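Visitor: Below is the sequence, then the predicted model.
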Amino acid sequence: MSSLPNIATVIGSGTMGPGIAATLARAGATVRLYDISDEAIARAEAAYGVVTGVLEAVGSPMVPGGSVSFGTDLDEALAGTGLIIEAVPEKLELKQKVFADIEARVGDDVIIATNTSGIPITTMAESMTLPGRLIGMHWSNPPHLIPMIEIIPGKATDLALVDKLAEIVKSFNYVPVIEKEIPGFVENRVLYAILRECMALLEEGIVTPEGLDACVKWGIGYKLSVVGPTRLLDMAGLDIYQAVSGYLNKELDVSTDTPQFIKDKIAAGQLGFKTGGGMYEYGEGDVDAKRKEIITGLIAARKTLSSIPNV
Ligand SMILES: NC(=O)C1=CN([C@@H]2O[C@H](COP(=O)(O)OP(=O)(O)OC[C@H]3O[C@@H](n4cnc5c(N)ncnc54)[C@H](O)[C@@H]3O)[C@@H](O)[C@H]2O)C=CC1
Ligand SMILES: Cc1ncc(C=O)c(C(=O)O)c1O
């Protein structure tokens, strides 16, 4: 019998919610996707066919009986649910308010998982009636394509939930990575270390955005998609790592805030794909074309990576 609850609820239907909902439905769950915004729900409904097409294309096994329903009624979304995944914007107070609204409506045994990118679970749980039921379940974007989920218990989390959630994650053929709590968790600490250096290199005019993307894609991404960073050190030689890190680590960017040029772009309404401009400019139809190229590339890469051994 699958460990995935029969009914699951996803709260927040923005970038992450719809792909999470579709993945759980593909694994056989009756999923309710909830948002406060009618537009967000309408967008998710319209895109659902594309998302399920992607799951089909990567050969994600389909357990019959799964479905997604879309709505803005929280009581309906939570009725009979066994697993709730929160995916609302990354704001502590908002998430805490959502947990309070949820706790007022569900039984004590319902698991509440949060897709936070890195707010400590312990902090988020402080306002909860039953903090032991909150656990970090960090999906990577796009969630219906990246088959790895970080599982992070907070200080108050009931430890039985860790194994339970890991079983749920395995039930839809994703890899669970269980971690100790630390801000940003593991994936985003590594990603943001890379992004900090990348943004500093751009800000200093050391490389163009196109050059940076090519360098990181081939020099780092391609290699690290086959060997993890630990094995990479064996491949390179620990002596080489010592020689290079000895002079390079002290040169790397250590800024603690978001770079000014990114803040300026945000102030000018340039947020990326969602506003039609960000790091790059996009003309009519360009965003849709780029999204398609990215999804096609990720499908092809996932098929290839799934067919070779873990190194
Ligand atoms: N975008 C990304 O690449 C990733 C984001 N995350 C995390 O997942 C969470 C969600 O991120 P996104 O999907 O990117 O955000 P988003 O901003 O695209 O979507 C959030 C959705 O939540 C809805 N919402 C706001 N308040 C709500 C409420 N009280 N109840 C229900 N829905 C509400 C909004 O209407 C919106 O549709 C964040 O914590 C984020 O840090 C995690 C992994 C990757
Ligand atoms: C820039 C950025 N920030 C956060 C996350 C995930 O929490 C992602 C991602 O999953 O891709 C990201 O790209």
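Guide: Structure received. Ligands and ions are numbered 1, 2, ... in the order given.
Visitor: which SS state does the closest residue to ligand 1 within the chain fall under?
Guide: In the chain, no residue comes nearer to ligand 1 than residue 14, which is 1.7 Å away by C-beta to the nearest ligand atom. The C-beta positions use only the backbone N, C-alpha and C, and glycine is treated the same way. Here residue 14 takes the coil state, with states given by DSSP: H, G, I helix; E, B strand; the rest coil.
Visitor: Please identify the helix or strand for the closest residue to it other than its chain neighbours.
Guide: Using C-beta to C-beta, 6 or more residues apart in numbering and skipping the chain neighbours, the partner closest in space to residue 14 is residue 40 (6.1 Å). Under the criterion of DSSP states H and E, residue 40 resides in helix 38-57.
Visitor: is any part of that helix close to ligand 1?
Guide: Yes. Using C-beta under 6 Å from any ligand atom, helix 38-57 reaches ligand 1 at residue 40.
Visitor: What pairs with the helix or strand that that helix is followed by, parallel or antiparallel?
Guide: Moving toward the C-terminus from helix 38-57, the next helix or strand (DSSP H and E) is strand 67-71. Each strand paired with strand 67-71, and its direction, by DSSP bridges: strand 30-34 (parallel).
Visitor: Would you mark the buried spots in the partner strand?
Guide: Residues of strand 30-34 classed as buried under the neighbour-count rule (16 or more other C-beta atoms under 10 Å) are 30, 31, 32, 33, 34.
Visitor: who's in contact with residue 252?
Guide: Counting by C-beta atoms under 8 Å, 6 or more residues apart in numbering, residue 252 makes contact with residue 197.
Visitor: and if we set it to 10 Å?
Guide: 193, 196, 197, 200, 245 (C-beta atoms under 10 Å, 6 or more residues apart in numbering).
Visitor: Close to ligand 1: what parts of the protein are there?
Guide: Neighbours of ligand 1 within the chain, by C-beta under 6 Å from any ligand atom: 11-17, 34-37, 40, 87-90, 94, 98, 115-117, 139, 141.
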